[in-house]
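[1] any chance you can model this:
(4 chains)
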Amino acid sequence: WDEPVVMEMGRPGGRGQHFPAPEAEVSEAVGADLIPAAMARKDRPELPEITEFEAQRHYLHLSQMTLGMMGISLFGTCTMKYNSKTAEFATLRPELAEVHPYQHPETLQGVLEIMHDFDGILRSLSGMDQFVFQAGGGANAAYTMACVARAYWQDRGKLGERTEMVTSIQAHPCNPATAAAAGFKVVNLPLEENGYPSLDALKAAVSERTALIMLNNPDDMGIYNPEIKEWVKAAKEVGALCFYDHANFNGVMGKLSARELGFDACMFMLHKTFGAPKAGGGPAVGAFGCSDELAPYLPTPVVVKSGDGYALDDDRPKSMGKIREFWGNVPQVVKAYAWARAMGAEGIDLASDISVVANNYMDKRLSEIEGLARSNPGVSAHRMEMTRWSLEPIAQETGVGTVDFANRMADYGIDPWWMSHEPWIVAEPFTPEAGELWSKEDIDMWIDVVAKICEEARSDPEMVKTAPHNQAIAQVKGDAFEDPSKWAMTWRAWKRKSGEADTARGAA
Amino acid sequence: WDEPVVMEMGRPGGRGQHFPAPEAEVSEAVGADLIPAAMARKDRPELPEITEFEAQRHYLHLSQMTLGMMGISLFGTCTMKYNSKTAEFATLRPELAEVHPYQHPETLQGVLEIMHDFDGILRSLSGMDQFVFQAGGGANAAYTMACVARAYWQDRGKLGERTEMVTSIQAHPCNPATAAAAGFKVVNLPLEENGYPSLDALKAAVSERTALIMLNNPDDMGIYNPEIKEWVKAAKEVGALCFYDHANFNGVMGKLSARELGFDACMFMLHKTFGAPKAGGGPAVGAFGCSDELAPYLPTPVVVKSGDGYALDDDRPKSMGKIREFWGNVPQVVKAYAWARAMGAEGIDLASDISVVANNYMDKRLSEIEGLARSNPGVSAHRMEMTRWSLEPIAQETGVGTVDFANRMADYGIDPWWMSHEPWIVAEPFTPEAGELWSKEDIDMWIDVVAKICEEARSDPEMVKTAPHNQAIAQVKGDAFEDPSKWAMTWRAWKRKSGEADTARGAA
Amino acid sequence: MASDMRAHPWMANSAPGVIDEMLAAIGAASVKEVFEQIPEDHFRKTPLDLPPALTSEMELRRDLVSKLKKNLSCEDNLSFLGAGVWQHHVPAVVDEIVGRTEFATNVWGSYQSDHGRNQTWFEFSSQLGALLNLDVVQLPVYSWGCAIGHAMRMAARITGRSKVLVPAFSDPERLSVIRTYCQPMEMQTRIEVVEVAADPTSGRLDLGDLADKLGEDVAAVYFENPAYLGTIETGAAEIAKMARAAGVETVVGVDPLSLGVMTAPGDYGADIVTGPVQPLGVHMHCGGGAGGFIASRDEERYVRAYNGFLVSVVETREPGQLGFGLACPHQNSYGMRENGNDWTGNSTYLWAIAGAVYMSLLGPEGFRELGQLIVSRARYAAKLLGEVPGVRIVWPDTTFKEFVVNFDDTGKTVAEVNDALRARGIFGGKDLSGEGLGLGQSALYCVTEVHTANDIRRLADTMKEILA
Amino acid sequence: MASDMRAHPWMANSAPGVIDEMLAAIGAASVKEVFEQIPEDHFRKTPLDLPPALTSEMELRRDLVSKLKKNLSCEDNLSFLGAGVWQHHVPAVVDEIVGRTEFATNVWGSYQSDHGRNQTWFEFSSQLGALLNLDVVQLPVYSWGCAIGHAMRMAARITGRSKVLVPAFSDPERLSVIRTYCQPMEMQTRIEVVEVAADPTSGRLDLGDLADKLGEDVAAVYFENPAYLGTIETGAAEIAKMARAAGVETVVGVDPLSLGVMTAPGDYGADIVTGPVQPLGVHMHCGGGAGGFIASRDEERYVRAYNGFLVSVVETREPGQLGFGLACPHQNSYGMRENGNDWTGNSTYLWAIAGAVYMSLLGPEGFRELGQLIVSRARYAAKLLGEVPGVRIVWPDTTFKEFVVNFDDTGKTVAEVNDALRARGIFGGKDLSGEGLGLGQSALYCVTEVHTANDIRRLADTMKEILA
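    Residues are numbered from 1 along each chain as shown, chains lettered A, B, ... in the order given. Presented below is the predicted three-dimensional model:
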């Protein structure tokens, strides 16, 4: 579809929705011009004037111009899952969609029961004592950890002293970023030859200043830090709290228990590991769980069993306060509960088996393609649920790099791959993850496309560099993105900057 | 998408749905092997073995490979409407979707109220005294007419004598076909120079043998028969029943009343004029309405008001019997009710205004394109809501005909046009209809595409004849469709006939 | 149009000025002028009398939802109603796909632009063919009854005969439709519908009576498997053999959900097979989920006798590529008007899409498990109900999902029992007492995969309570 | 995997033999082998203790639906709850679009493959910008409270100051989030949150107190319009002027549904504007419909201070074609980890899609009509409730959709009133009595376009009845 921007569509007086005039008795009782003159809007917002059908058709076109899981996506660090429509439709029923979080708990027993039961499921998977679902994503759960740690140290009168958070340079950016936003100083440990920071480095980094450590394991390379128990021990020895960022849980589901490894808290991404939709970036849930020792500091409310029913516990005087309004993205919690129920213990265990086996199968086949290199080539052990790869050899040979590959993949109906979080320790990186959803046939086809683009990079590098070629639009020009005179985050700004109109009313 | 046939997908043992084993107490109580040996299936049906996700993705791909109202469709005789999702979602609620037609009427008061109210709306629009919704489409409503006529004449002891149905050669094929299927002999009146059969011809055709006449007005040419009142009078004079097939109601909504014109019965296509989805061919509803005189012969049950509530009247001894099981495609009736409520009397009247004005606007612009000819060029009056056009001039000039144009239109994101019902009185016909939904911009773009293809027909006829070129698949080869050794209505048959496999188990 | 009227959200050209713009282009002075073909005295005199317009979606929605909420549903109540529309599990993916606006659209469509839909249709026929073990499946017609009606007329066309045999224990609803398709007797082209007696001990066809009636004037014999009253027709192969010997077409009706555990009709000699589409992933929709399929062996005489749309896979101009189109398009009423086979038109093709998705989700194992589960739970229900004092299961051990429950010894009518059940949130079985089947105060109960053992015990316990 | 286990419908490679096939390709002898990195003593000792698996969709659905049905909804009850999540009409087309699997997908996506999504995001920002009269709109963050938190931190970054002013009458839920973002005091980088007194006669900001507190250490002043307690801040332009004079950023919170009738914040001097996304076509979802937007004027110092995703329209390699991508991608935490602006991650971007569709459906006239309708009905409700003996409307004539109802003179607590209402199918307003606002037994009532005059009379009549 050659689809215009909605702001260009329509005609004067076109309507997509009517609202009735107030009932006669209402107008008679209250009159007109109810907004105080000082605040009454005088201009007419420059919105499109289109019919209901035109809005529907426009956005249906745009949806069709979105690959969104329609192809094959082995997007590493995001763990592609099947998003059950059964769960989706259940949450769209008025019994959940038309429910207000301030309703009396007596009217919320169904959803509270599900949240309580799901808390129990996560407790079993992690060994933690209490979960909350208020955080709106994994990063927000990391922030929750930082804020819980603040409350914990504040309660002990040590907040001014415990000023540091220690993590690995390979940890997800949200860990250092949220800790910093919460006011902690971040200590990043570099990787050593085994692919993870050394225990000695950790021991050197932690001290009486350390408030907490925040870690992934395995990391995005697919490397598992086998000294993790010693890490936790070293951190505990200086009194620091230990947080397990379970972003890469898929390969260890049912295999590891964060609590058994000694961690005080952990988080699960329900929109990732637990099959709730990610929806292009939320609504999401970072389920945060912790030990009884940290539970008093959790954000409120906490769902608790109360007699025969369920209640919301708001009376937690040591609570860190709210990380976000209300109780969280409740429908996503219900979908995650549905995923866990549909999988069951045996299914979850099998899923991590498949996930790791499939990643190693993929590794094997990728290693046979000329021009690719596996990260940490010295680590020969089987990787976990994903592996970071590098295009450095072929990039040096052809000049075609990972961004070009990503652009070209879309032409094959394949979602562009995930390259790497910052910093790019591995040159020209990409990070595929097979998970338990994709069939062997899908994985094979994905690898075939990578191999095909390698060939194309050699035979016609320019074509790859100018990809995509059969997508809705051609490659975008990147120069505007950092140029204040060109970037345009709204149509207003675009019209003003592109000189298309003189209607930049109200612009700065 | 290069999408395989589902029968080729999957892997042995792949599953898309589980069903639980019977509960232990059930198995204990009833045992196993419950199907008598003579009827117990021994072979395994050759169905695909795929995951839930693979089924979803496959059919999502196929949906994306379906234009389905995503473009612009001015498909004549079908009256494209906006299908409200508001109504769609309402009917998908369990309060209607999970309702059984044999429930006690006390448990069906909501849907009965809507059907009763909608009956009232159609009564007002037509002047008839009672509507039923049992017929599953317009053709089925025509068949209902034929069967009601049978019951009417049987009741009068005249069924053996009243053996003929008179109609116009331009009436929708369902009229003669259903009358013939009901056992009547069909008398077709030819068109005369004004574009409709003459009153004299009608008078000559009707007699004591005539059971009924069945007519559209306006017809698919957009020509209105101004002598229709005289026709009805002539038919009545010989005692025949008169049926108004309101397939082309869109241009006369709110303008004409079938009963005021003298008709005994009429039908409305709810999936067409009344905004219920056509869904590629049903479920649909042909709402059949008639006078009090014919009402006793209607199929049962009829929704009636009963005290404070609503009931299903089954006790109608003169009824023709059932035209179809149950009461009809009830959700479509609800959607049609919703359409009528959303439009209101003023909106319906306006819609027929727009419909006829837009058709004449289209006529004007089409007449400016070289190579097209309007049917019945002698009729200069403004046409009704559609007009039949002919490509004869350009076909003679270039060899490119209406089928070729239709193939090519899809390449522009435009639904191929409707050509004509049989018989093709007009050579190389096409029949556009604008209706009230499409914007002037849409209509203009549609006409621009027609003009463009005319140019293409002149500059590159071969290209047009081999279209489509940018659809999911290329032009199909038609030779198999009439060849028993090649046609293949199932994958089983295809495998057998294409020699792809020897698994034609059970084939004839 | 009054100039102060708001543009309607469903009519782009109702925006101010657009009509005038088009009139100007036409050169017409007024809207009235474009209606010039209609004589003045044809315009209606009675003003329209419709309820107030609800152009606001919010008001429209409230009207619809508040009215529909007056219904009681089989989701909030425990229902044992079947008999032509059955409560089965509908997978969410089926709902998703049939709800896609590309499919749930107002267009009738075309093969050029709607390849995906065509393929889905073909996949419906292909998968159903795999369940039936038959090579030709037509796109569905309005309902099972209509499918039987067309099948009867096909048989008459093929054989040139004009009598059909149906079981005495036929669903009155379907039978009424069949009669509509075949009769009345006064019509020259009528087909006579004759009933074959039932064996009262088993509910199955009385083969002796069948043998008597299978004459040279008979076009077809029809039976169902499982039958209307739930019984399994174990004599199916024998019936087909007898029919073939008499030059009679064997027309069968089957529940497609039984075919994971019951023999495919293509394997016991059926010539034409019909059945309901609704069990294949379509909600009951208050009866609006109905649809009927027709299938047959792949012989030209059958194929040429179909009334509707036959989707065939074919090659395209692109080597190796497959496409889809309509086979034998000229034999239907679109092609031949009154000389076509019966008639066709809009039907229930959206349910073909539902069925395609449904069958692909279940696969061979899903159908087997489903059949197993249904028959087990149905037998369990029959067993528990049979243990309620005064209640008798008429044919206890030959049922797929439906069975006849007799209340004669309870002193209560079915209507009374059902009223009492309904007051307790249970919709009892369909009342058979008025159907002239000679079964007294009997009801037809339907049990499917949606009924758990608990649900069934609740029914039996409630039955005990109200009959105590 | 036990070999007799059925393949799971959500795991293609759980089909028999596939794992073995992959192991063979790898050259691994067992699944155990691929886990070789994990030391033996790390594997969990406690077995998983989860409820039984519901691999059958039918059973899963039943579990979910039967549990959710224990909730009472605002559809079946008449609710006057607002305060951060409000019951508004959601057009069906919005539900359709956000439910499309292309959007409601598990992928995070990419700009190359998801052009349609990118454009929809841009259209969200563009339309919201048109309502706000501002040129920069970021994709939404988790919630309104989070949006304010980020805005405060932006202001602190921009000004280099570390104190923010908030109204004394603040929503405690949002205020708690703001405090989480700014404090605690022990942290070196903390931002102090100071309350500005309210004028008790109007509920508006006390401009005298504001003037006193606007010092050189103040980064931002925050107020809402309409405010938490429903009042309209008529002094908005004055506040912004005072702030600008003090070098302080004016941060405003607005209800986007008010902007058809209320002045755009871009027109009264707001520097950074926040607000809830939920009213723009998102269901309440038990609070899961929350989302918060942040917008500002198009100056580099603002743009460089954003924490999240800024979608910009740009040209593509194809002349005349427009595409979309992320502006300033390196300033967020993905680009700079702990040195980025706050942090970003998954957020509530699906609601940007809802908002885009919603705003395109309403257009300028829809927003005007909607605003008119809401304010009229809210005032009507305030009027009728104010006529109930003992009930007092605290600020009767300055409200948009919410207003404070005081019950002190009725002798009943809000909790008692609400219990009595609930027993009659009405969810009363939010209880303010425990919030330390000094408003006694007061509740915050919310009235929107979904409440008809009848609904409102029903509330007033019921209130009379229970207070009689």
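[2] surely residue A:246 and residue A:270 touch.
    No - between residue A:246 and residue A:270 there is no contact under CB atoms under 8 Å: 11.0 Å. Heads up, the C-betas are built off the backbone N, CA and C, glycines and all.
[3] what pLDDT does residue A:508 get?
    With respect to pLDDT, residue A:508 scores 34.
[4] with residue C:109 instead?
    So, for residue C:109, pLDDT stands at 78.
[5] how many residues are close by the residue lying closest to it once chain neighbours are set aside?
    In space, residue C:109 comes closest to residue B:280 once its chain neighbours are excluded; the distance is 4.8 Å by CB to CB, 6 or more residues apart in numbering or on different chains. Residue B:280 has 28 neighbours, counted by other CB atoms under 10 Å in any protein chain shown.
[6] A strand includes residue B:280, no?
    No - per DSSP: H, G, I helix; E, B strand; the rest coil, residue B:280 lies outside any strand segment and is coil.
[7] what parts of chain A come near chain B?
    Counting by CB under 8 Å from any CB of the partner chain, the residues of chain A close to chain B are A:1, A:11, A:51-54, A:56-57, A:60-61, A:64, A:69-70, A:82, A:84-85, A:413, A:437, A:439, A:441.
[8] need the nearest residue in space to residue A:56, chain neighbours excluded.
    Going by CB to CB, 6+ apart, residue A:56 has residue D:93 as its nearest residue, at 4.7 Å.
[9] how about the one you found, secondary structure?
    helix.
[10] what do you get for the one 4 residues further on?
    At residue D:97, secondary structure determined by three-state DSSP is helix.
[11] next, find the distance separating it from residue C:42.
    Residue D:97 sits 44 Å away from residue C:42, going by CB to CB, to the nearest Å.
[12] residue C:329 now?
    Residue C:329 sits 37 Å away from residue C:42 when distances are taken as CB to CB.
[13] name the residue in the two with the higher neighbour count.
    Per other CB under 10 Å, whichever of residue C:329 and residue C:42 has more neighbours is residue C:42, with 19 against 14.
[14] surely the more buried one and residue B:257 touch.
    No - using CB under 8 Å, residue C:42 is not in contact with residue B:257, being 9.3 Å away.
[15] near chain A, anything from the lengthiest helix in chain C?
    Ranked by residue count, the top helix of chain C under DSSP state H comes out as helix C:349-386. No - against chain A, helix C:349-386 shows no contacts by CB under 8 Å from any CB, the least distance being 11.3 Å.
[16] now that helix against helix C:92-99, angle please.
    For helix C:349-386 against helix C:92-99, the angle by axes from the mean of the first three to the mean of the last three CA atoms, to 10 degrees is 140 degrees.
[17] returning to that earlier point: buried subset of the residues of chain A next to chain B?
    Buried subset of the residues of chain A next to chain B (neighbour count, 16 or more other CB atoms under 10 Å in any protein chain shown): A:11, A:51-54, A:56-57, A:60-61, A:64, A:69-70, A:82, A:84-85, A:413, A:437, A:439, A:441.
[18] list the contacts of residue A:372.
    A:366, A:389, A:390, A:391, A:393, A:394, A:450, A:454 (CB atoms under 8 Å, 6 or more residues apart in numbering or on different chains).
[19] next, count neighbours for the second one.
    Pointing back at residue A:389 there. Burial measure for residue A:389: 28 neighbouring residues, criterion other CB under 10 Å.
[20] check whether stretch A:379-388 comes near chain D.
    Yes - Stretch A:379-388 lies within reach of chain D by CB under 8 Å from any CB, at A:381, A:382, A:383, A:384.
[21] thinking the last one is in contact with residue A:217, fair?
    Just to be clear, that refers to residue A:384. No - counting by CB under 8 Å, residue A:384 stays clear of residue A:217, with 9.1 Å between them.
[22] helix/strand/coil for residue A:17?
    Following three-state DSSP, residue A:17 is assigned to coil.
[23] which one's more surrounded, residue A:246 and residue A:270?
    Neighbour count, other CB under 10 Å: between residue A:246 and residue A:270, residue A:270 has more, with 31 against 28.
[24] on the pLDDT front, check the more buried one for me.
    For residue A:270, the model assigns a pLDDT of 96.
[25] and the closest residue to residue C:452 other than its chain neighbours, how close does it get to residue C:455?
    Of all residues not flanking residue C:452 in the chain, residue B:23 sits nearest, at 7.1 Å (CB to CB, 6+ apart). For residue B:23, the distance to residue C:455 equals 11 Å [CB to CB].
[26] pull the number of nearby residues for the residue of chain C at minimum distance from chain A.
    Residue nearest to chain A within chain C: residue C:92 (3.7 Å; CB to the nearest CB). By other CB under 10 Å, 21 other residues sit near residue C:92.
[27] go on, residue A:393?
    Under the neighbour criterion other CB under 10 Å, residue A:393 is assigned a count of 15.
[28] which SS state does the residue nearest to it when sequence neighbours are not counted fall under?
    Distance criterion CB to CB, 6+ apart; nearest residue to residue A:393, sequence neighbours excluded, is residue A:371 at 4.9 Å. Judged by three-state DSSP, the three-state class of residue A:371 is coil.
[29] my read is that residue A:371 contacts residue A:454, right?
    Yes - the criterion here is CB under 8 Å, and residue A:371 meets it with residue A:454 at 5.1 Å.
[30] which residues do these two both contact?
    Between them, residue A:371 and residue A:454 share these contacting residues under CB under 8 Å, 6+ apart: residue A:394.
[31] spell out which residues of chain A are next to chain C.
    Close to chain C, as judged by CB under 8 Å from any CB, chain A has residues A:11-20, A:49-54, A:56, A:60, A:84-86, A:88-89.
[32] in helices, which of the residues you listed fall?
    Among the residues of chain A next to chain C, DSSP H puts A:52, A:53, A:54, A:56, A:60, A:85, A:86, A:88, A:89 in helices.
[33] dump the residue contacts of the third one.
    Pointing back at residue A:54 there. Going by CB under 8 Å, 6+ apart, residue A:54 touches A:9, A:10, A:14, A:16, B:439, C:12.
[34] return only those of those found close to chain D.
    Among those, chain D is touched by A:10, A:14, A:16 when using CB under 8 Å from any CB.
[35] chain D contacts on the stretch 251-400 of chain C?
    residue C:365.
[36] any weak-confidence spans in the stretch 251-400 of chain C?
    For the stretch 251-400 of chain C, no stretch has pLDDT under 70.
[37] quick one, helices of it?
    With DSSP state H, counting those that start in this stretch as the criterion, the stretch 251-400 of chain C has helices at C:300-303, C:333-336, C:349-386.
[38] how is chain A partitioned into domains?
    Chain A breaks down by automatic domain parsing into domains covering A:6-64, A:85-343.
[39] once you drop chain neighbours, what's closest to the residue in the stretch 251-400 of chain C positioned nearest to chain D?
    The nearest approach of the stretch 251-400 of chain C to chain D comes at residue C:365, 7.5 Å away (CB to the nearest CB). Take residue C:365 and drop its neighbours on the chain: the residue closest to it by CB to CB, 6+ apart is residue B:15, 6.2 Å away.
[40] phi and psi next, for the residue of the stretch 301-450 of chain A found nearest chain D.
    Minimum separation of the stretch 301-450 of chain A from chain D (CB to the nearest CB) falls at residue A:344, amounting to 2.2 Å. With angles defined as degrees, to the nearest 10, residue A:344 sits at phi 70, psi 170.
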